[in-house]
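Asker: kindly generate the corresponding structure for this input.
(2 chains)
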Amino acid sequence: MQDISLHLLDIIENSARANAANIWIEIKVEIMKNILTIHVRDDGDGMDEETLEKAQSPFYTSKSARKKKVGLGIPLFEQHAQMCDGDFTMISKPNVGTELTARFRFDHVDRMPLGDIATTIVSSILGHPEIDFHINLSRKVIDDKEFTYELSTAEIKAELGDIPLSYPDVINYLNETIKEGINKTKMEEI
Amino acid sequence: MKTLEDLRKIREKAQSEMKTRDQKARVKIVVGMGTSGIAMGAREVMKAILDEVAKRNLDDVLVTQTGEKGLSSMEPVVDVIEEGKPTVTYGNMNPEKARKVIAEHIVNGKVVNDYVVATQS
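Answerer: As a prediction, this is how the structure comes out:
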């Protein structure tokens, strides 16, 4: 995975596979604290303690279609966070959901770029019409000044009624609104 | 600024279009988005497909994504599912190939045999 947005997509897929009805995604840049935080929470199946521990091992996967039992998604993301003075935590409860936080030192030379967040978000929203996504982007700069952007697909779906999300004009709408959010929070250049 | 008002307009337009034909999607495209698929570029394939669907105004196509399917060595993988026809699985996809599949298979109805890795009824 070359950038954070690809890891994020991978994490979202985990939540989808755990039958989440809602996924909350928060991307936060705090310039004065020099921290980039990626926070993903879902209300899916969750994991017991044993499974949670195994999920962080490279030799575990929940994917039954796999012949070779390797699961690198979470261990790689964790490694990337730790490589740049960050940290990684994952908490989970059966039938409640899973919550994952990865923090990176913002100006660390080895920190992966954020990458194409817009495509990750749009493709996840369209790829999982059954899931409601709650996106929150924020950039906190000097004097606690904050630029934020929020998007909830529940609102969008209510407005659309029975029109599918992959209807051409809706694809364009989603692309544009998310681009506006990324510009507003200046996430395109990190 | 994009607002909910824009969505209302889209809905009205879509509803008036849908009155004139069958509501159901004619074809479903499913992109495999497991860890290995993502690492091999599945997201860019998805992006190209969505871009073509929007550009060509293919309003009877449903695009979605799924997890791993055990075809890791052929990622990125794309399924094309049409009612009454065998499901076609394309493998080793990239954005360029995906655009070709949209043009030839989805629009013109001709399977792109060079990229097919499996078919299944």
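Asker: can you give me phi and psi for the residue nearest to residue B:78 when sequence neighbours are not counted?
Answerer: Using Cβ to Cβ, 6 or more residues apart in numbering or on different chains and skipping residues adjacent in sequence, the residue nearest residue B:78 is residue B:90, 4.6 Å away. For glycine as for every other residue, the C-beta is placed from the backbone atoms N, C-alpha and C. Note on residue B:90: its backbone torsions stand at phi -100, psi 140 [degrees, to the nearest 10].
Asker: which residues does residue B:90 bridge with?
Answerer: For residue B:90, the beta-bridge partners are residue B:78, residue B:116 (DSSP bridges).
Asker: who's in contact with it?
Answerer: B:77-80, B:97, B:101, B:112, B:115-117 (Cβ atoms under 8 Å, 6 or more residues apart in numbering or on different chains).
Asker: who wins for most neighbours among those?
Answerer: residue B:77 (28 neighbours; other Cβ atoms under 10 Å in any protein chain shown).
Asker: might one say that that residue is in contact with residue B:69?
Answerer: Yes: applying Cβ atoms under 8 Å as the test, residue B:77 and residue B:69 come out as touching, 6.4 Å apart.
Asker: any shared contact partners between those two?
Answerer: If you check residue B:77 and residue B:69 against Cβ under 8 Å, 6+ apart, the residues they both contact are residue B:32.
Asker: quick check on the spatially most central residue of chain B: phi, psi?
Answerer: Computing the C-alpha centroid of chain B and ranking residues by Cα atoms, centre = their mean puts residue B:29 first, at 3.3 Å. Note on residue B:29: backbone dihedrals following degrees, to the nearest 10 are phi -110, psi 130.
Asker: the residue nearest to residue B:78 and residue B:80, how far apart?
Answerer: 7 Å (Cβ to Cβ, to the nearest Å).
Asker: check residue A:95 too.
Answerer: Note on residue A:95: its distance to residue B:80, by Cβ to Cβ, is 36 Å.
Asker: residues in contact with the top helix by length along chain A: which ones?
Answerer: Scanning chain A for the helix with the most residues, using DSSP state H, yields helix A:168-184. Outside of helix A:168-184, the residues within contact range by Cβ under 8 Å, 6+ apart are A:117-118, A:121-122, A:125-126, A:135, A:137, A:147-151, A:156, A:160, A:163-165, A:188, B:1-2, B:6-7, B:10, B:13-14, B:50, B:53-59.
Asker: helices of chain A, start to end?
Answerer: A:4-17, A:49-55, A:73-83, A:117-127, A:153-160, A:168-184.
Asker: quick one: which of those helices is nearest residue A:103?
Answerer: helix A:73-83 (6.4 Å; Cβ to Cβ).
Asker: so which bits of that closest one are buried?
Answerer: Within helix A:73-83, the residues that qualify as buried are A:73-78, A:80-81, counting by 16 or more other Cβ atoms under 10 Å in any protein chain shown.
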